[in-house]
Every structure is written in C-alpha cells, then in structure tokens.
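>>> Here is a sequence with its predicted model. Questions after.
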Amino acid sequence: MRIEEIRKAGYYPIEGKTVGQPFPTGRGGSVSFRIPGLIRLHNGNLFATSDARWTRPYDDCGGIDTVFALSEDRGESWRAGYAAYFPDSLGSPRDLRDATILIDSTPVETPDGVLHIFVNLGPTGVTTALRRPGRGEGFMTVGGKKRLALTDDDGKADGDPAEYPYFVGELSQGFAPILTRTEEETGFAVDPFFNLYRKDGGAWRELLGKQIDTGREIVQNVFYRDSSFHVYHTMYLLHLSSLDWGESWSWTLVDGIKMPDETAVIASPGNGLVTSDGVMVLPFYRAENGGCHSFLAFSSDGGKSFRRSPVLPPADGIPESSEGKPVELPNGDLRLFFRTGVQRICWADYHRASGAWGEAKALPVRVHSDCNFAALCQDGRILIAYARGIGDDARYRMRGRLYVFALDEKNDMILTDVLPITDGAFSYAVLAPVSENEAACLYDTCGDGLVIFQKIGLPGRGSAV
C-alpha cells in the first residue's frame, strides 16, 4: 500500500525487497532514516528497525514513524514494513509541532519467538525537542486497573489525567469503548491502534478528521491534536509485538516504568537483551532538570509487566548517564555501557543478586561519547562500536571504529583490537552477531539521513593493543 493511501494508524507492509541495505533512501516513502535497531533472531535471521523521519533527519520531532526490515539471508536482502504508522501528516508537516512522533525503537526477541519493539510515542507536538512531556504516565485507575485517560478538549490535556472525564475500557472484538469516569457508555470507541469510532445503527463507524497540510479525510486518533478525544500531553511507551516475523503487529501502551513524579523517561534505542535465564532487559534514561541518568527495566512475562532498577548514580568525573546498551557478563551480572559527555567509554555493572549498581567507570579509550553507540558480548568478548571523532578532543560524530575487548577472570576489559568501520559520518549505531567470526553493524549518518548496514569480520583472539 502506498503511504498517501493510508487513512488510519496501524501497521503496513512495504512492497518489494531491497538488496544490501534495509532502509535505502525512499524506502516506504521516506527520504530520511535515523536511530537504527538490530538483533539476530534465534533462527539466524536479522531484524532491523529505524525511525522513518519525514522532516529533516536531525529533527527529533515532526512526523516520525517506526519502520522494520527482516533479512533471511544474513543481510543480503530485506523485506520491510511499518510496525507503527500515524497518517496525521502526509510526509513533512510545515510546522514540526503538527504531528505525532514514534522515536527511538528498541527491538528484542523473547525465547518464545515473539518479536518485540519498544518505541517512545508522543502525541501531536509532544517531544523533549519541542514541548516538555507532562509529569506522570497519562493513566487513571478504575476498578484497580490502569486505564488510558482521555479528555474531549485538547486545551485541557495538560491537567491531571487522574481527573479526566473519560477513559479507554477493555478491548473486545476489535474495539475498546470510551467510558465516562462513572463507567457509562459514551457511544465512542477506539480500535487496537487508538483510531476513533462512533456507534451508528449498532455498528462502529470511523470518526473522520482532516490530515494536516492536505485536508484529506483520515480517521481520527486519540494521539492527534484535532481529534474528538485526546490523551494527556506526555510521552508514552508503545510496545509492538509480532508472532509472525512482522507480518502483523499488536500494540500495547506500557505502564509501570515511568514514575508519577517523572516527566521524560525514554527508552534507549538500538536493542534490548534477554538474559541466559530468560529475563527481558531494556535500557532507559530519565531526563529531568537535574540532568540525565540511566536505569534498566526487567520483564519476566514478555513485556506484560516490568520492574526497574535504581537510577545509576553519578561518579567522580562521570556526572551523567543517558542512552545505554546492556550486555550480560559470564557471571550473570549486567554491564551497562552508557552515553556521556566525558569522551571516554563509560560503564557500570548491575549486580542482579543484590539489585545494586557498582561504581561507574571510564576506560582510557578516547571516543566521541556524546552520542549513542553499540555494545555486544559475543564469543566471550565485548564489542563496542563508537565514533572516534576528530582530533585529541574527539569532536564530531565521525570515524566509526569497532573496539574489541577480551575479558579476564575478574571481567575486566582488555582492549585487543580496533577495527575501522568508516572514516565518514558515524552517529547512532547498533551491533548484532552474524556468525562466530562476523558481526553486523547498523549505523546512521545523522544529517545525511542514511542508515547503513555493514558486516565486519572479527579477528582471532590476540594480545592487548
């Protein structure tokens, strides 16, 4: 289906396969792509995700949707689709405040073979780049269950969602009724993708609205500013799941990760982790007035519920942490590598038995660390893909390098190899294993709007460099 034909939010396939690259320019109608995600599935296939950015590639706002690609031949060819797409704006809106955003995707596969993508969802105009998200989650509690709170006046969507006049009820036969606070029927409902419907003659009929910029009729959605019902003005975490390798997707809003006193809690993009004992681990960070700080979220039931770690405390010379990549160590603990501004590779260990963080540390390896990056534990070694930057102060998101570390008996890291990826632009990146002696890197070029797939041969085990 062509993008300009889509009238309501949902998932959509993209016609044809591409060779070599999962997200070449123009794929699915988008010129620009950023913020890659990549995992290897249990069957050996590669699964990639990205932001499809309809505005300038470096704008963390405006129209952004979540695209995926699947390769069954080790990255030689890819079929793709939109796991989540909102047609409130066809392409780039004139005003960046005039569209929903789906930003920073985190894919993971659970042992039951289910594909998951976690992505940050902002209703029209709400993003850390434009408008600070509201404090709290955007739910109200009804009958002991959290329900998505709704208002019929977008001008009041900054108020306490616990006091909103409406909420979304239980999904049944493809529709969830919109109920009043006293649980009375309103005659309106949403489908699994939050599109709006009105009861008409005993059947649910699409509630139509106008697409931004074009005026074309589309189906209203509770995440659109001009719809009849609206969600609270904050960022949400959308959980996309697929039982059929991306042919179809289910959508669920996650609750319980963001705390009532928090504003911006953001899922770190790239990939999640499933531990050797089957626990899903997702990296997050909170961006408050006091700075950014990382934490982890854990799920033992496939993303239905989560518990979270404490926030990683600052350390001497490492005042902040934000986007991160966790890896599992041989002893079962987790090592979180995280983004900072100190131009070093920084990390901290999370001790699962005690639920406590070890001290944050910095390796004596100079990189451009004020950017997301890739980390992977493969074949007993830790691989990290970073922008080396230019000059002694590692300026700019340039010169991608793969750093290979051996682990000693104390799980200390010993640098053994530095492999070139590119001497050009190198921004957000992610790694996945391809074979015992090969890894795949998916990285973006930031301002150029390109996401590039590259396979890298790994050296044999050697001495420290």
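That came through, no problem. Numbering: from 1, shown residues only.

>>> ok, the residue lying closest to E170 once chain neighbours are set aside to P433 distance?
Spatial nearest neighbour of E170, excluding adjacent residues (C-beta to C-beta, 6 or more residues apart in numbering): A176 at 6.3 Å. Every residue, glycine included, has its C-beta placed from N, CA and C. From A176 across to P433, the span is 40 Å (C-beta to C-beta, to the nearest Å).

>>> who's in contact with the residue nearest to E170?
Taking C-beta atoms under 8 Å, 6 or more residues apart in numbering, we find A176 in contact with V168, G169, E170, A189, V190, D191, P192.

>>> export the residues you listed to TSV and tack on distance to I3, neighbour count and secondary structure?
Compiled in TSV, the contacts of A176 are given as follows (distance: C-beta to C-beta, whole Å; neighbours: other C-beta atoms under 10 Å; DSSP: H, G, I helix; E, B strand; the rest coil):
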residue	distance to I3	neighbour count	secondary structure
V168	27	24	strand
G169	32	20	coil
E170	32	10	coil
A189	26	23	strand
V190	23	24	strand
D191	20	20	coil
P192	21	16	coil
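
>>> The helix or strand that contains the residue nearest to E170 pairs with which strands?
Per DSSP states H and E, A176 falls inside strand 176-180. With DSSP bridges as the test, strand 176-180 is paired with strand 166-168 (antiparallel), strand 185-190 (antiparallel).

>>> Using neighbour counts, pick out the buried residues of it.
A176, P177, I178, L179 (16 or more other C-beta atoms under 10 Å).

>>> Tell me if I'm right that the third one and A149 touch.
No - shown here, I178 and A149 do not form a contact pair, counting by C-beta atoms under 8 Å, at 10.8 Å.

>>> Now the common contact residues for those two.
By the contact definition C-beta under 8 Å, 6+ apart, I178 and A149 are jointly contacted by Y166, F167.

>>> For the residue positioned nearest the centre of the chain, name its beta-bridge partners.
Nearest to the geometric centre of the chain sits S105, at 2.2 Å (C-alpha atoms, centre = their mean). Bridge pairing for S105 (DSSP bridges) gives the partners V119.

>>> Distance check, it against L115.
In this view, S105 and L115 are 12 Å apart by C-beta to C-beta.

>>> Test for you: state the pLDDT assigned to the closest residue to L243 other than its chain neighbours.
Leaving aside its chain neighbours, L243 sits nearest to V114 (6.0 Å; criterion: C-beta to C-beta, 6+ apart). Per-residue confidence at V114 stands at 98 (pLDDT).

>>> Verify the stated contact: V114 with S242.
Yes - with contacts counted by C-beta under 8 Å, V114 reaches S242, the gap being 7.0 Å.

>>> Show me which of these two is the more surrounded one.
The neighbour count for V114 versus S242, taken as other C-beta atoms under 10 Å, is higher for S242 (22 against 15).

>>> If we ignore the residues flanking it in sequence, what's nearest that one?
In space, S242 is closest to L115, 4.4 Å off (C-beta to C-beta, 6+ apart).

>>> Equivalent analysis for A189, please.
Nearest residue to A189, sequence neighbours excluded (C-beta to C-beta, 6+ apart): F175, at 4.3 Å.

>>> Same question for Y12.
Y82 (4.6 Å).

>>> To what extent is that neighbour buried, counted in neighbours?
There are 26 residues near Y82, going by other C-beta under 10 Å.

>>> how near is it to K304?
Plainly put, Y82 is 24 Å away from K304 if you go by C-beta to C-beta.

>>> Repeat that for A48.
Counting by C-beta to C-beta, the gap from A48 to K304 is 25 Å.

>>> More neighbours: those two, which one.
Neighbour totals were compared for A48 and K304, and A48 leads with 28 against 11 (other C-beta under 10 Å).

>>> Any idea what the more buried one is bridged to?
For A48, the beta-bridge partners are L38, A69 (DSSP bridges).

>>> And the pLDDT for C371?
C371 is given a pLDDT of 93.

>>> Next, count neighbours for it.
Neighbour count for C371, taken as other C-beta under 10 Å: 19.

>>> One more: A464?
Other residues lying near A464 total 9 when counted by other C-beta under 10 Å.

>>> correct me, but it touches L415?
Yes - between A464 and L415 a contact is recorded at 6.0 Å, counting by C-beta under 8 Å.

>>> Can you point out the helix or strand that includes the closest residue to S322 other than its chain neighbours?
Using C-beta to C-beta, 6+ apart and skipping residues adjacent in sequence, the residue nearest S322 is C292, 3.8 Å away. Element membership for C292, per DSSP H and E: strand 291-299.

>>> Show me what counts as buried in that strand.
Neighbour counts using 16+ other C-beta under 10 Å place C292, H293, S294, F295, L296, A297, F298, S299 of strand 291-299 among the buried residues.

>>> same deal with stretch 450-464?
For stretch 450-464, a neighbour-count test (16+ other C-beta under 10 Å) marks L450, V451, I452, F453, Q454, I456, L458 as buried.

>>> ditto for stretch 378-394
Q378, R381, I382, L383, I384, A385, Y386, A387, R388, G389, A394.

>>> Quick check: end-to-end length of it?
One end of stretch 378-394 sits 27 Å from the other (C-alpha to C-alpha, to the nearest Å).

>>> Run the chain-centre distance for that stretch.
Remark: stretch 378-394 is offset 22 Å from the chain centroid, using C-alpha atoms, centre = their mean, to the nearest Å.

>>> how close does I382 sit to I6?
Distance from I382 to I6, counting by C-beta to C-beta: 42 Å.

>>> Using the record, which stretches count as separate domains in the protein?
Domain ranges of the chain: 3-131+238-457, 139-219, per automatic domain parsing.

>>> winner for burial among those?
domain 3-131+238-457 (a mean of 20; mean count of other C-beta atoms under 10 Å).

>>> returning to that earlier point: please report phi then psi for the residue nearest to L243.
Dihedral pair for V114: phi -80, psi 130, per degrees, to the nearest 10.

>>> can you map out the strands along the stretch 351-465 of the chain?
356-357, 361-366, 374-378, 381-387, 398-407, 413-425, 429-435, 438-444, 451-457 (DSSP state E, counting those that start in this stretch).

>>> Of these, which is nearest Q220?
Q220 lies closest to strand 451-457 among these, at 31.7 Å (C-beta to C-beta).

>>> which outside residues touch the closest one?
The contact list for strand 451-457 (C-beta under 8 Å, 6+ apart) reads 20-23, 33-34, 36, 48, 50, 74-75, 402, 419, 421-422, 434, 437-445.
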